[in-house]
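# next comes the sequence, and after it the predicted model I'd like to discuss.
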Amino acid sequence: MNSTTASSSERATESPIWPNLRRAIAHSSGFQRWQREHQLNRAANAASLDEQVRSYLRETLATLAY
């Protein structure tokens with residue numbers, strides 16, 4: 001990951017919108033199905049949930065782009 005991407009990613013998580021967006025995604029049926037398929041912990045701590053949501057979004061966008 002290059003420094004530009006890392007700093008953009010850091011800025012996104014500092015945004016006041018990110019916690020609400022992460023919460024909404026985490027409660028979506030698509031995300032919950034993705035967690036079951038990946039056998040991930042649904043009672044994850046905030047840092048783990050943050051990474052799970054990021055992975056889910058990455059995979060979803062890659063699928064849509066394909």
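Yes, it's here.
# element containing R22?
Using DSSP states H and E, R22 maps to helix 17-26.
# find out how far that helix is from the centre of the chain, if you would.
9 Å (CA atoms, centre = their mean, to the nearest Å).
# model confidence over the next helix or strand after it, on average?
Note on helix 17-26: by DSSP H and E, the next helix or strand toward the C-terminus is helix 29-37. Averaged across helix 29-37, pLDDT comes to 94.
# what residues does helix 29-37 touch?
I25, N41, R42, Q52, V53, Y56, E59, T60 (CB atoms under 8 Å, 6 or more residues apart in numbering). Where you see a C-beta, it was placed from the backbone N, CA and C, and this is true even at glycine.
# need the helix or strand of the chain with the lowest average pLDDT.
helix 3-14 (a mean of 58; mean pLDDT, DSSP states H and E).
# could I have the buried ones of the contacts of helix 29-37 as ChimeraX selection syntax?
Of these, the buried ones go into a single ChimeraX selection, burial set by 16 or more other CB atoms under 10 Å:
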select :25,52,53,56
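# now render the contacts of helix 29-37 as TSV, adding distance to P16, pLDDT and secondary structure.
Formatted as TSV, those follow (distance: CB to CB, whole Å; pLDDT from 0 to 100; DSSP: H, G, I helix; E, B strand; the rest coil):
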residue	distance to P16	pLDDT	secondary structure
I25	16	97	helix
N41	26	74	coil
R42	25	72	coil
Q52	21	94	helix
V53	16	96	helix
Y56	21	97	helix
E59	26	96	helix
T60	23	96	helix
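# and the two most separated of the contacts of helix 29-37?
N41 and T60 (19.5 Å; CB to CB).
# list the contacts for S48?
N41.
# how much space separates it from R42?
According to CB to CB, to the nearest Å, S48 stands 11 Å off from R42.
# again with A62
Distance of A62 to R42, computed by CB to CB: 23 Å.
# quick one on the thing from earlier: and the contacts of the helix holding R22?
Taking CB under 8 Å, 6+ apart as the rule, helix 17-26 contacts A12, F31, L49, D50, Q52, V53, Y56, L57.
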